[in-house]
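Participant: How does the following fold in three dimensions:
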Amino acid sequence: MERTDYEKQAQEFLDRFGLTVKAAFKGDRCPPWEGKGGCIHGDRYRVTIRTNSASEWRTKSISFDFWNSYSDMREGKHPTAYAILASISGEAFSPTNPDDVAEEFGPIPPSQAIAVARFACRLQDFFTEEELEALGEIS
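Facilitator: This next block holds a predicted model:
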């Protein structure tokens, strides 16, 4: 699949479910999972995914920090809808219990296991089952 095909796949997902993705530049600080003493990373963005389907149980949007790749930063590229959706597609299926996260991902600090579990829970709460299934197919 060419990169344009990936972008087309992401846009079809967004159109199908009435979602929009916005990435606002926030700077170049190191991601929280990086150790002290410098890191190599891309630019930091605040991503908001918004739905236009309102319901009593569903929130209208979800926001989170996203770091673009180092290569894209050097080339002046902003994160694409595909890059964002492909990144969170795996995270949406992570365990929502920190103990299960640690078991699945191996020895990680408890704070990191808690953060992974919380983010997975937020994603699973925001997306519908049908959206999660389609999100998992974004490759």
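
Participant: which residues in this protein form helices?
Facilitator: 3-17, 70-74, 81-91, 98-105, 110-126, 129-136 (DSSP state H).

Participant: Identify whichever of the ones you listed lies nearest to residue 24.
Facilitator: Proximity to residue 24, assessed across the helices of the chain by CB to CB, is greatest for helix 81-91 (12.2 Å). No exception for glycine: its C-beta is placed from N, CA and C like everyone else's.

Participant: The closest one: which residues count as buried?
Facilitator: Neighbour counts using 16 or more other CB atoms under 10 Å place 81, 82, 83, 84, 85, 86, 88, 89 of helix 81-91 among the buried residues.

Participant: quick revisit: out of the helices of the chain, which comes closest to residue 57?
Facilitator: Proximity to residue 57 (CB to CB) singles out helix 110-126 among the helices of the chain, at 9.0 Å.

Participant: Buried residues, the closest one. List them.
Facilitator: In helix 110-126, residues buried by neighbour count (16+ other CB under 10 Å) are 113, 115, 116, 117, 119, 120, 122, 123, 124, 126.

Participant: ranking the helices of the chain by mean pLDDT, which is last?
Facilitator: Taking each of those in turn, the lowest mean pLDDT turns up on helix 70-74, with a mean of 88.

Participant: Can you name every helix or strand that that helix contacts?
Facilitator: Helix 70-74 sits against no helix or strand, with contacts defined as 3 or more CB pairs under 8 Å, 6 or more residues apart in numbering; DSSP states H and E.

Participant: Run the chain-centre distance for it.
Facilitator: Put simply, helix 70-74 sits 18 Å off its chain's centre (CA atoms, centre = their mean, to the nearest Å).
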